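Engineer: Quick one, what's the 3D model for this:
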Amino acid sequence: MMINYLMLDILILIFPLLFSFKWVFPYYKNYKPLFASIVIVGGIYILWDMIVTIRGDWWFEEEFLVGLEFIIPLEEALFFVVVPYACIFIYENLQYFFPDKEIRFNRWVYYGISIVLFIVGISYYHQDYTILALLSVSAFFVIAATWFKDLLQSRNYWTYIMISFGAFLIFNYILTSIPIVGYNPNAIWGGTVEQIWYGRFITIPFEDFFYNFSMLSFYLLVYQYFKNRWISDNKKNARKT
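Structural biologist: I've put the predicted structure just below:
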């Protein structure tokens, strides 16, 4: 049976969805902050996706799609829903089973990394995907180090990133090796396989690693922000009653 993009979306979603209602903790009750994160962050990344698809930075092979699309295929839009749903489920499991611990934090280290990524990104201004991927991580580190240092101090945040990246390697390899998604060699590092510097990890463009890091991080940051507000509001309402 031929693998298609919709099948991958379903595989990403099915496990956390099945355990959302009957598990050691009620994941489904976090729907408010989860919905907010998906709408805000997913909306931004979908807009990014639409712009670069129109520009031709990447494209989708029609034989692996169901055929419903508005600039981007339905499956690509669903990606920005199923991925945060599944990955934040991973984070909530970490929080439940492994009490979080603070790790060392130095704001200036993250500012320094952000500056390096910004400079490198700008130096590749002619490669549309490269510059956007690097600047997205640069922006995350500035925002997190300035206003959300607790996230960067969280051991479970970094564990969440590592586990999510394991899943990312599997699914992104499938997407790029079949390939379901194709990339314009002028928009990324490297180019063709024949070149010495291919600019890919196996079949995955290195830019995808930066893209996924910023996306997963922003999803969790916004989720945590709204979850904390939601918990705080519930406590206030409880005291009033």
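
Engineer: In the longest helix seen in the chain, which residues are buried?
Structural biologist: Ranked by residue count, the top helix of the chain under DSSP state H comes out as helix 206-240. Burial within helix 206-240, assessed by neighbour count using 16 or more other C-beta atoms under 10 Å, is assigned to 206-227. C-beta coordinates here come from the backbone N, C-alpha and C atoms, glycine included.

Engineer: In the chain, where is pLDDT below threshold?
Structural biologist: Across the chain, the ranges flagged by pLDDT under 70 are 1-2, 191-198, 235-241.

Engineer: quick one, strands of it?
Structural biologist: Assigned by DSSP state E, the chain shows strands spanning 58-60, 69-70, 72-73, 181-183, 200-201, 204-205.

Engineer: could I get those as TSV with distance to V81 and mean neighbour count?
Structural biologist: Below are the strands of the chain laid out as TSV (distance: least, C-beta to C-beta, whole Å; neighbours: other C-beta atoms under 10 Å):
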stretch	distance to V81	mean neighbour count
strand 58-60	17	19
strand 69-70	15	12
strand 72-73	13	22
strand 181-183	17	18
strand 200-201	26	16
strand 204-205	22	22
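
Engineer: In a markdown table: the ones you listed, plus distance to M50.
Structural biologist: Shown next, in a markdown table, are the strands of the chain (distance: least, C-beta to C-beta, whole Å):
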| stretch | distance to M50 |
| --- | --- |
| strand 58-60 | 11 |
| strand 69-70 | 8 |
| strand 72-73 | 6 |
| strand 181-183 | 15 |
| strand 200-201 | 24 |
| strand 204-205 | 19 |
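
Engineer: Go through those and name the closest to L6.
Structural biologist: L6 sits nearest to strand 72-73 of all the strands of the chain, at 9.0 Å, using C-beta to C-beta.

Engineer: what lines up beside that closest one in the sheet?
Structural biologist: If you go by DSSP bridges, strand 72-73 pairs up with strand 69-70 (antiparallel).

Engineer: how far does the partner strand sit from the chain's center?
Structural biologist: Relative to the centre of its chain, strand 69-70 is centred 21 Å away, using C-alpha atoms, centre = their mean, to the nearest Å.

Engineer: Then stretch 121-133?
Structural biologist: In terms of C-alpha atoms, centre = their mean, the centre of stretch 121-133 is set 19 Å apart from its chain centre.

Engineer: Quick one: end-to-end distance for it.
Structural biologist: Counting by C-alpha to C-alpha, to the nearest Å, you get 8 Å between the two ends of stretch 121-133.

Engineer: Other residues contacting it?
Structural biologist: For stretch 121-133, contacts defined as C-beta atoms under 8 Å, 6 or more residues apart in numbering pick out 48, 52, 55, 57-58, 134-135, 138, 183-184, 186-189, 205, 207-208, 210-211, 214.

Engineer: before we move on, what about stretch 201-211?
Structural biologist: With contact meaning C-beta under 8 Å, 6+ apart, stretch 201-211 is reached by 117, 129-130, 132-134, 136-137, 165, 168-169, 172-173, 176-177, 179, 183, 188-190, 199-200.

Engineer: How about stretch 22-31?
Structural biologist: P16, F19, S20, F21, I88, F89, E92, Y96, Y223, K227.

Engineer: got a list of what the first one touches?
Structural biologist: If a contact means C-beta under 8 Å, 6+ apart, then P16 has Y27, Y85, A86, F89, I90 as its contacts.

Engineer: Same question for the second one.
Structural biologist: If a contact means C-beta under 8 Å, 6+ apart, then F19 has Y27, F89 as its contacts.

Engineer: what about it, distance to Y160?
Structural biologist: The gap separating F19 from Y160 is 17 Å, by C-beta to C-beta, to the nearest Å.

Engineer: Helices along the chain, start to end?
Structural biologist: Using DSSP H, the helices of the chain run over 5-18, 31-55, 74-97, 107-123, 128-147, 149-152, 155-177, 206-240.
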